[in-house]
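Q: show me the folded form of this:
(3 chains)
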Amino acid sequence: MSRAIALIDGNSFYCSCERVFDPKLAAVPVIVLSNNDGCAIARTAEAKALGIRMGEPYFKIRDLCRRQGVRVFSSNYTLYGDMSARTNAVYRDFSPRVEIYSIDESFLDLSDVRERERLELARDLRATVRAWTGIPTCVGIGPTKTLAKLANHIAKSIPELGGVCDLSDEDERAAWLCRVHVGEVWGIGRASLAKLEAMGVDTVADLRDLDPRPVRKAMTVVGERIIHELRGLACLPLELLPAQRKGCAVTRSFSKRIEDRATLEQAVAAHATRLGEKLRRGGLGTNHVSVFYHTSEHDRGEPMRSVSTTVTLPEATNDTLALIKAARLGVEKTWREPGERPWRYSKAGVVTTDLMLLETSPRALIGQLDRERSGPLMAAIDTCNVRFGRGSVVPARAGLEEKRAWSTKFEMRTPRYTTQLAELPTAQAY
DNA sequence: TCTGGGGTCCTAGGACCC
DNA sequence: TCTGGGGTCCTAGGACCC
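A: So this is what the prediction gives:
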């Protein structure tokens, strides 16, 4: 039987999560903002129709939102992550072979389903996800991941299709590929689009018919792969096991500018604390911690400064206290006392790019860290923070969440309906 | 007259994704 | 006043080795 991959994704996923818990949002425009309530990163169809663009800064559209009755939310990643897990649980009922690609997208292997039954299964899948989780979705099917993504795009943009599209049939596929702009292809971004347009490419079919060799010259092997995938030749396998992650970062813009060293050190300590939590969840460790902080490019006419440095540890660790020490050392090494006009820092982060499994990582001969003590201590902290909420136990260096003046803003955040007992939604019957 | 050749590893930067 | 965060992959070029 022929290979068939389905891509299913949540429509305006973050907005849909908010709608699940507030029926009054059903027919009104809704947007969800990025960290710090900075930009619109999810918009419902109604919001898109008002001209609100992806990534548009909120301060530019605040008036529009007020005038048009757009409901605006801070992002609530705890809620979205949990809703994502619920949708994936439903997907697994339909195919045991699922690749979770992002928080709102998964690939399903439907190769075992007869071609003429695939659309029906896709409709059933959508209906079940909607009934069991409340999330509306679209499904695209094709012989390769790239074609499944394209089918999903078609399903989403043509309402008459009812949220499903199958490009398995070669003739139907050829007809569709002539009708879709090449910029919609997965992997074609701004730079590649400019190159392709210069080569006279307009539709997806034009790209499919190009000679792969010159494309490889212009767009590397990535471009060549896309052509083969569009022709139905699979180059991208389904990744059923999540790959071990290679890097990990915690970076945040401040809700207000920072000028003094003590506050900056507190911020990087808080980021390092979060970094430790993330590493421990995967049993990973690192022996290089990079620290950066910089002023904002939007502060025109002010003194600018951008700093980045790497601190090396004697051996890999995920101990929060060791990570904090490294991060603070990074600030100490690079801090410069301000002159008459101080630098007003807007963002800081801690970054690691060389993660390894802690258990099997080599030990240092000199400067060995005390893993026998660190492990149980970190485990105890993590347990407290799971049971009593994140931030219940933090190192003193990182400061208490409530007292961090620079903390990220989430002024319009909804409750964590599904993961905190104290924040369960309530329903009233009259 | 007359430059070695072939290999690995690392890093920075570009591009793209959600 | 107010402009996100966190990833992956690929390539070119330099350093280094024998």
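
Q: how many residues are close by A:Val90?
A: 18 (other CB atoms under 10 Å). For every residue, glycine as well, the C-beta is placed using N, CA and C.

Q: show me how chain A divides into domains.
A: For chain A, the TED database gives the domain ranges A:1-144+A:156-162+A:410-429, A:169-243, A:248-399.

Q: how about CSV for these, with distance to DNA strand C and mean pLDDT added?
A: Rendered in CSV, the data for the domains of chain A read as follows (distance: least, CB to the nearest atom of the strand, whole Å; pLDDT from 0 to 100):
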stretch, distance to DNA strand C, mean pLDDT
domain A:1-144+A:156-162+A:410-429, 3, 96
domain A:169-243, 4, 96
domain A:248-399, 3, 93
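
Q: switch those domains over to a markdown table; also include distance to A:Leu150.
A: Formatted as a markdown table, those follow (distance: least, CB to CB, whole Å):
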| stretch | distance to A:Leu150 |
| --- | --- |
| domain A:1-144+A:156-162+A:410-429 | 7 |
| domain A:169-243 | 7 |
| domain A:248-399 | 31 |
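
Q: using JSON lines, lay out those domains together with distance to DNA strand B.
A: Output for the domains of chain A, formatted as JSON lines (distance: least, CB to the nearest atom of the strand, whole Å):
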{"stretch": "domain A:1-144+A:156-162+A:410-429", "distance to DNA strand B": "3"}
{"stretch": "domain A:169-243", "distance to DNA strand B": "2"}
{"stretch": "domain A:248-399", "distance to DNA strand B": "7"}
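
Q: would you map the strands across the stretch 201-350 of chain A?
A: A:248-258, A:284-295, A:306-317, A:345-352 (DSSP state E, counting those that start in this stretch).

Q: so how far is A:Gly285 from A:Leu313?
A: A:Leu313 is 9 Å from A:Gly285, where distance means CB to CB, to the nearest Å.

Q: tell me which of these two has more neighbours.
A: A:Gly285 (27 against 20).

Q: right, and the more buried one touches A:Pro362 too?
A: No - A:Gly285 is beyond contact range of A:Pro362, at 10.7 Å (criterion: CB atoms under 8 Å).

Q: now the common contact residues for A:Leu313 and A:Gly285.
A: By CB atoms under 8 Å, 6 or more residues apart in numbering, A:Leu313 and A:Gly285 have no common neighbours.

Q: contacting residues around A:Ser253?
A: Counted by CB under 8 Å, 6+ apart, A:Ser253 has contacts A:Asn35, A:Asn36, A:Gly38, A:Ser346, A:Lys347, A:Thr408.

Q: give me the buried subset of the residues you listed.
A: Among those, those that count as buried by neighbour count (16 or more other CB atoms under 10 Å) are A:Asn35, A:Asn36, A:Gly38, A:Ser346, A:Lys347.

Q: which two in those residues are spaced the farthest apart?
A: The span of the buried ones among the contacts of A:Ser253, defined through CB to CB, is set by A:Asn35 and A:Ser346 at 12.8 Å.

Q: so which elements touch the longest helix along chain A?
A: For chain A, the helix that runs over the most residues, judged by DSSP state H, is helix A:261-281. Judged by 3 or more CB pairs under 8 Å, 6 or more residues apart in numbering; DSSP states H and E, the packing partners of helix A:261-281 are strand A:248-258, strand A:284-295, helix A:320-334, strand A:345-352, helix A:371-388.

Q: got the CA positions of it in PDB?
A: The C-alpha coordinates for helix A:261-281 follow below in PDB (Å, rounded to 0.1, in the frame of the first residue of the first chain):
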ATOM      1  CA  ARG A 261      24.200  45.200  38.100                       C
ATOM      2  CA  ALA A 262      22.500  43.600  41.100                       C
ATOM      3  CA  THR A 263      19.200  43.400  39.200                       C
ATOM      4  CA  LEU A 264      20.800  42.000  36.100                       C
ATOM      5  CA  GLU A 265      22.500  39.400  38.200                       C
ATOM      6  CA  GLN A 266      19.200  38.500  39.800                       C
ATOM      7  CA  ALA A 267      17.700  38.100  36.300                       C
ATOM      8  CA  VAL A 268      20.300  35.800  35.000                       C
ATOM      9  CA  ALA A 269      20.100  33.800  38.200                       C
ATOM     10  CA  ALA A 270      16.400  33.400  37.700                       C
ATOM     11  CA  HIS A 271      17.000  32.300  34.100                       C
ATOM     12  CA  ALA A 272      19.700  29.800  35.200                       C
ATOM     13  CA  THR A 273      17.200  28.400  37.700                       C
ATOM     14  CA  ARG A 274      14.700  27.800  35.000                       C
ATOM     15  CA  LEU A 275      17.500  26.300  32.800                       C
ATOM     16  CA  GLY A 276      18.300  23.800  35.500                       C
ATOM     17  CA  GLU A 277      14.700  22.700  35.700                       C
ATOM     18  CA  LYS A 278      14.500  22.200  32.000                       C
ATOM     19  CA  LEU A 279      17.800  20.200  31.900                       C
ATOM     20  CA  ARG A 280      16.800  18.000  34.800                       C
ATOM     21  CA  ARG A 281      13.500  17.100  33.200                       C
END
